[in-house]
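1. Sequence plus predicted model, see below.
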Amino acid sequence: MNNRCVVFVGAGPGDPELITVKGMKALEDADLIVYAGSLVPEAVMVWARPETEKVNSASLHLDEMVDLMERAYRDGKKVVRLHTGDPSLYGAIFEQMVELDKRDIAYRVIPGVTAAFAAAASMGLEYTLPEVTQTLILTRMAGRTPVPETENLESLARHQASMAIYLSIGLIDRVEEILVRCYGEDCVCAVAFRVSQPEEQVYFSKVSELAALVREKNITHQALIIVGKTVGALTDGIRHRSRLYDRTFAHGYRDGEI
């Protein structure tokens, strides 16, 4: 691969210090940063040089965006395409890569911290509690962007695994209806708004009161809905322990006590 390439960088959830070191270095070296301005906070640009050209892609369609990156690349500039969170999750990077391939432009991807993990850190949440659930589902409701029928929210929610629901706060009534049916009306859920950013707020409620909470707090965007028994463990006083650190549990590095 050509040493010079377009670099897709995950900006993380918004806190400039939650970008990876590798992503930070890519921003420091960039001559052009094309960033998703509707989601990536300006604060993340602290790692870029003052003279670096910064273009908000919010108003650009795919061809305009790729044309912009191609021109800079052909001019010998270092190009960063900056996405919120992790680029592989709802980042629409595959279509950009296809266009870059057509133009024989090399690229690579630097991962980032997605909002579900920043929210868990803020809440002190472990998504995979032993003997409670060992599965985390990341998904979204079908809206203007369709979801395959086999992956509709209700079919996934029937597993009652830990679930982080992205890009669905505008469909909160339908989300509540499904979660009540699948998890039960008393199941605890959380709404995490702009996690890791100065405006961060995390609210807890029963799933049957989810829509009312979202309207009361006037949350309309950049919010994640988290549901499952592991969320309830934060508020019900139950403490779960793994076998890994149980003194009676032996493994290749430790003898178990009798």
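-> All right, it came through fine. Treat the numbers as computed from the prediction; the structure is a model and nothing was measured. Residues are numbered from 1 along each chain as shown.
2. give the contact list for Asn56.
-> For Asn56, the contact set (CB atoms under 8 Å, 6 or more residues apart in numbering) comprises 35, 37. No exception for glycine: its C-beta is placed from N, CA and C like everyone else's.
3. what's the least confident helix or strand in the chain by mean pLDDT packed up against?
-> Least confident helix or strand of the chain, by mean pLDDT, DSSP states H and E, is helix 229-232 with a mean of 93. Judged by 3 or more CB pairs under 8 Å, 6 or more residues apart in numbering; DSSP states H and E, helix 229-232 is in contact with strand 162-166, strand 188-193.
4. Can you list the buried residues in that helix?
-> For helix 229-232, burial by neighbour count (16 or more other CB atoms under 10 Å) applies to 229-232.
5. Check stretch 37-45 too.
-> Using 16+ other CB under 10 Å as the test for burial, stretch 37-45 gives 37, 39-41, 44-45.
6. That stretch spans what distance, first to last residue?
-> Using CA to CA, to the nearest Å, the end-to-end distance of stretch 37-45 comes to 11 Å.
7. Tell me how far that stretch lies from the chain's centre.
-> Distance of stretch 37-45 from its chain centroid, counting by CA atoms, centre = their mean, to the nearest Å, is 15 Å.
8. on that earlier part again, considering the buried residues of stretch 37-45, which is situated nearest to Lys22?
-> Lys22 has its nearest neighbour among the buried residues of stretch 37-45 in Val44, at 14.3 Å by CB to CB.
9. Confirm that the closest one lies within a helix, as I assumed.
-> Yes: assigned with DSSP: H, G, I helix; E, B strand; the rest coil, Val44 falls within a helix.
10. That one against Leu18, yeah?
-> No: between Val44 and Leu18 there is no contact under CB atoms under 8 Å: 9.2 Å.
11. Rounded mean pLDDT for whatever helix or strand Thr139 lives in, please.
-> For Thr139, the element it lies in under DSSP states H and E is strand 136-140. Strand 136-140 shows a mean pLDDT of 98.
12. One more: stretch 83-90?
-> Mean per-residue pLDDT for stretch 83-90: 96.
13. Flag every buried residue along stretch 130-150.
-> Across stretch 130-150, burial judged by 16+ other CB under 10 Å covers 132-133, 136-141.
14. which one among the buried residues of stretch 37-45 gets closest to Leu167?
-> Closest approach between the buried residues of stretch 37-45 and Leu167, by CB to CB: Leu39, at 10.6 Å.
15. Excluding chain neighbours, what is closest to the closest one?
-> Spatially, and ignoring its direct neighbours in sequence, Leu39 is nearest to Thr84 (3.9 Å; CB to CB, 6 or more residues apart in numbering).
16. From Pro41, how far out is that neighbour?
-> Note on Thr84: its distance to Pro41, by CB to CB, to the nearest Å, is 9 Å.
17. overlap in contacts of those two?
-> Taking CB under 8 Å, 6+ apart as the contact rule, Thr84 and Pro41 both touch Gly14.
18. Just put the helices and strands packed on helix 229-232 in TSV and tack on mean pLDDT.
-> Below are those laid out as TSV (pLDDT from 0 to 100):
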stretch	mean pLDDT
strand 162-166	98
strand 188-193	97
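19. before we move on, back to that, need the buried residues of stretch 37-45 in CSV (columns: pLDDT and distance to Gly76).
-> Formatted as CSV, the buried residues of stretch 37-45 follow (pLDDT from 0 to 100; distance: CB to CB, whole Å):
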residue, pLDDT, distance to Gly76
Gly37, 86, 25
Leu39, 88, 29
Val40, 90, 25
Pro41, 89, 29
Val44, 95, 25
Met45, 95, 22
